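Undergrad: quick one, structure for this:
(one chain, ligands or ions: 1)
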Amino acid sequence: MSQDAWGLIATLARAPEAAAIRPLFAADPRRAERFTFRADGLRLDLSKTSLSDEVLDALLALAAARDLGGRRAAMASGAHINSTEDRAVLHMALRGAPGRYRDGAEDASGAVHDTLAAMRRFTERVHAEARFTDVVNIGIGGSDLGPQMVARALHRHDSPMRAHWLSNADGHAWEAMRHTLDPARTLVLVASKTFTTAETMSNAHLVRHWLRDALGEAGDRQLVALSTNEKATAAFGVPADQVFGFKDWVGGRFSLWSAVGLSVALSCGWPVFEQLLAGARAMDEHFLAAPDRENLPLLMALAEVWHVDGLGLRSRAVLPYDERLSRFPAHLQQLEMESLGKRVTVEGLPAEHGTGPVVFGEPGTNAQHSFMQLLHQGTTPVPVDFVLVARPDHGFPDSHRLLLANGLAQAEALLRGRDAAEVRAEMQAAGKSEAAIEHLLPHRLFPGDRPSTTILIPELSPFTLGQLVALYEHKVFCLGAIWDVNAFDQWGVELGKQLATAILPELSGGAAQEHDPSTTALIAELRSLWPQP
Ligand SMILES: O=P(O)(O)OC[C@H]1O[C@](O)(CO)[C@@H](O)[C@@H]1O
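TA: Next up, the predicted model:
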C-alpha cells in the first residue's frame, strides 16, 4: 500500500513541470490562501512550494498508508516507539496537563508536575534571595542547544539573571567565560541526561574546581544537576535537594521542556517557562486533533518529503528574521539531523527513500550576505523556511520594517526569479552597451521557482516560541513515521566517542595504538608540536 503511494509521488515528480511554482499561482488566484494554514495565531504559508492539489493528495495518501494517525496515537499512549532503546517517547507529557499522558501504569504528566513544582520553588527562592546574578549552564547537544536557544530568544534587559552556556570541551570557552563571573554570585547547572557525557563532565570538573578554589567545600552548594542519573549526580557532590530529574522517555533533543529548561526559568523568570510550555501544549493539541489536511506539522513534513524524495533536494535552510532566534537553526540542526539522519529503517533494512536532509541556517538579514547567493543562483535549489515575527519588542519601527521587507523580498526573489528581458531592460535603462549586456546577462539571471515556506507569528513571546519549537518536533515525528526510521535514537554519535576515548591517552604520552595511517601521522605530529609530560 505505501509502495503504491510512493510510486504515485515518484510519477508526479517526473512530470516536466513538477518543480514549477509560478504556473501554480497563475492557474489559481486563491493559491496563497488555499495553501496557508493556521494554528492558534501561527500562520504557515506553503504556497511558495510546488505542492499542487494532486501532489498534496498523494502525500496525504502516503501519510495514511504509513498509518501516521496510528503511529501518533502510539506515541501519545506511551508505547515504546523508540524501539532500539526500548523507550517511550513522551516529551508531550512534559507540557501536558496531569493525567493527560501515561507511561505504562504511571501518570507521566503527574510526575512531571512534581518536578515542575520543585523547579518553580527553587527558581522563586533564588530570585527572592537575589544572591546570584549569573547562571552557568554546563551541557552539550540537547542539554545546551534547546535551552540556550530559548533563553537567548526570551531574555530581556530586566530579566532576573544573566545566563552563560558552557558546552564545548575546548578549555578556551571556560577560559573566556570565567573572567566575567564572580564565583560567589554564580549558580552552576550541570545539565546532562546521562551525566556521563565527556565534554560536560570535563567542564563540570573545571567549574567545580573554580568554585571550590574561591569558596571551599561550600562551593558545592552552588551546583545544581539536571539529569536522569541520580547516582552519578550524588557521586559528583551535588546536594540531593538540588537535583532535578526527568525520565528516560525524554530524548536529549526534546528535553528543553524538562528540568533541562531550568536555565530558562532562572534567567528569564518562571512565568516565561510556564508560557513556553503552554505554547508547546497548544501545538501538541493541534497536532493530535487537527485533520491531516489542516495539520501544520504533518503538512510541513509532507512538503519535506516532496522536496527530498520527489525533487531530490537534500538540504534545507532555516532563516529566522529575528536576531533573538539566532540559535534556532542550531537547535533545529540537532533536532532534525540527529533524529532523521538515518540510513536503515526501524526494522534495520536499508532505507529505500531519501531521509533527513542537511539543515543549516542563520538569522536574516545576515544570511543574505553569506550563503543566499547559492540559494538564488546555485545549481541545486535549497528549500528555505522563513520565520517572520510581525511585531517587534523594541522602539525602532524603521529597523523592523527593513528586516521584514528583506525577509519577504528573499522569498519573493526565490519564487519569481529574473528573466533575460527584465535584466536586459534594466541594463539598457542604466545605459550599458550591448556588448556589456551580453557579457553580464547570464550572470544576472535568476531561475526562480525556488521553494520556500513562511512561518509568521504575531510576536516572539514565550507562548509563540513554544508553539514554533513543538511544530518542528512534531514535523520530525511525522518524517520518522513516513520514512520508517527511528527518529528517537542516535547511534551515529557513538563511534567517534569511543575512538576519542582510545586516542586520549596517546595525546598524553601513552603507547601508540593502531589507526589508519593518516590518523597515526597526525597524532605523531601533534605530539611533537605539543609534547606532553
Ligand atoms: O544530556 P547528555 O546525556 O549529556 O547528552 C548530550 C547529548 O549527547 C547526545 O547523546 C549525542 O550527541 C545527544 O543526543 C544529547 O543531547
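Undergrad: which positions in the stretch 301-450 of the chain make contact with the ligand?
TA: Proximity of the stretch 301-450 of the chain to the ligand is confined to residue 338 under the rule Cβ under 6 Å from any ligand atom. C-beta: built from backbone N, CA, C; applies to glycine.
Undergrad: and the strands in the stretch 301-450 of the chain?
TA: Along the stretch 301-450 of the chain, counting by DSSP state E, counting those that start in this stretch, strands occupy 315-320, 358-361, 384-391.
Undergrad: show the average pLDDT along the first one.
TA: This means strand 315-320. When pLDDT is averaged over strand 315-320, the result is 98.
Undergrad: cool, and stretch 47-66?
TA: Stretch 47-66 comes out at a mean pLDDT of 98.
Undergrad: tell me the buried residues in it?
TA: Across stretch 47-66, burial judged by 16 or more other Cβ atoms under 10 Å covers 47-52, 55-56, 58-63, 66.
Undergrad: just how off-centre is that stretch within its chain?
TA: Put simply, stretch 47-66 sits 24 Å off its chain's centre (Cα atoms, centre = their mean, to the nearest Å).
Undergrad: and if you look at stretch 8-26?
TA: That offset, for stretch 8-26, works out to 29 Å (Cα atoms, centre = their mean).
Undergrad: and if you look at stretch 411-421?
TA: Distance, centroid of stretch 411-421 to centroid of chain: 30 Å (Cα atoms, centre = their mean).
Undergrad: now do it, average pLDDT.
TA: Averaged over stretch 411-421, pLDDT sits at 98.
Undergrad: cool, and stretch 425-433?
TA: Mean pLDDT, stretch 425-433: 97.
Undergrad: give me the contacts around it.
TA: Contact with stretch 425-433 is made by 436, 437, 440, 441, 444, as judged by Cβ atoms under 8 Å, 6 or more residues apart in numbering.
Undergrad: can you do 6 Å?
TA: Residues from elsewhere that reach stretch 425-433 (Cβ atoms under 6 Å, 6 or more residues apart in numbering): residue 437.
Undergrad: so how far is it from its chain's centroid?
TA: On Cα atoms, centre = their mean, the centre of stretch 425-433 falls 45 Å from the chain's centre.
Undergrad: hmm, back to that, the buried residues of stretch 47-66 in strands, which ones?
TA: Nothing among the buried residues of stretch 47-66 maps onto strands, per DSSP state E.
Undergrad: separation between the spatially most central residue of the chain and residue 207?
TA: The centroid of the chain falls nearest to residue 332 when counting by Cα atoms, centre = their mean (1.8 Å). Distance, residue 332 to residue 207, by Cβ to Cβ, to the nearest Å: 28 Å.
Undergrad: what of residue 144?
TA: Separation of residue 144 from residue 207 (Cβ to Cβ): 14 Å.
Undergrad: compare those two (neighbour count), which wins?
TA: Remark: of residue 144 and residue 207, residue 144 carries more neighbours, 28 against 23, as counted by other Cβ atoms under 10 Å.
Undergrad: right, and the more buried one touches residue 167 too?
TA: Yes: using Cβ atoms under 6 Å, residue 144 is in contact with residue 167, at 4.2 Å.
Undergrad: how many neighbours does residue 17 have?
TA: Residue 17 sits with 12 neighbouring residues when counted by other Cβ under 10 Å.
Undergrad: one step back: pLDDT at the residue nearest to the centre of the chain, what is it?
TA: If you check residue 332, the pLDDT there is 98.
Undergrad: go on, the one 3 residues further on?
TA: The predicted local distance difference test score for residue 335 is 98.
Undergrad: the stretch 201-350 of the chain: helices as residue ranges?
TA: For the stretch 201-350 of the chain, applying DSSP state H, counting those that start in this stretch gives helices covering 230-236, 262-268, 270-289, 296-305, 328-332, 339-340.
Undergrad: nearest to residue 171, out of the ones you listed?
TA: With Cβ to Cβ as the criterion, residue 171 lies closest to helix 230-236 of the helices of the stretch 201-350 of the chain, at 19.3 Å.
Undergrad: report the rounded mean pLDDT for that closest one.
TA: The model assigns helix 230-236 a mean pLDDT of 96.
Undergrad: need the CA coordinates for it. PDB is fine.
TA: Output in PDB follows, covering the C-alpha atoms of helix 230-236 (Å, rounded to 0.1, in the frame of the first residue of the first chain):
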ATOM      1  CA  GLU A 230      20.800  10.300  40.400                       C
ATOM      2  CA  LYS A 231      23.700   8.100  41.400                       C
ATOM      3  CA  ALA A 232      26.200  10.000  39.300                       C
ATOM      4  CA  THR A 233      24.900  13.400  40.400                       C
ATOM      5  CA  ALA A 234      25.400  12.300  44.100                       C
ATOM      6  CA  ALA A 235      28.800  10.900  43.300                       C
ATOM      7  CA  PHE A 236      29.700  14.300  41.800                       C
END
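Undergrad: any chance you could list what contacts it?
TA: Under Cβ under 6 Å, 6+ apart, the answer for helix 230-236 is 195, 225, 227, 243.
Undergrad: then stretch 249-258?
TA: For stretch 249-258, contacts defined as Cβ under 6 Å, 6+ apart pick out 87-88, 90-91, 94-95, 141-142, 146-147, 193, 246, 277, 334-335, 338, 488.
Undergrad: which residues in the stretch 101-250 of the chain form strands?
TA: Secondary structure of the stretch 101-250 of the chain by DSSP E, counting those that start in this stretch: the strands cover 102-103, 106-107, 134-138, 162-166, 186-191, 223-227, 243-245.
Undergrad: out of these, nearest to residue 155?
TA: Here strand 162-166 is closest among the strands of the stretch 101-250 of the chain (Cβ to Cβ), at 6.7 Å.
Undergrad: can you list the strands of the stretch 101-250 of the chain in CSV and add mean neighbour count, distance to the ligand and mean pLDDT?
TA: Below are these laid out as CSV (neighbours: other Cβ atoms under 10 Å; distance: least, Cβ to the nearest ligand atom, whole Å; pLDDT from 0 to 100):
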stretch, mean neighbour count, distance to the ligand, mean pLDDT
strand 102-103, 18, 20, 93
strand 106-107, 14, 22, 92
strand 134-138, 25, 10, 98
strand 162-166, 21, 13, 98
strand 186-191, 27, 7, 98
strand 223-227, 26, 8, 98
strand 243-245, 20, 13, 98
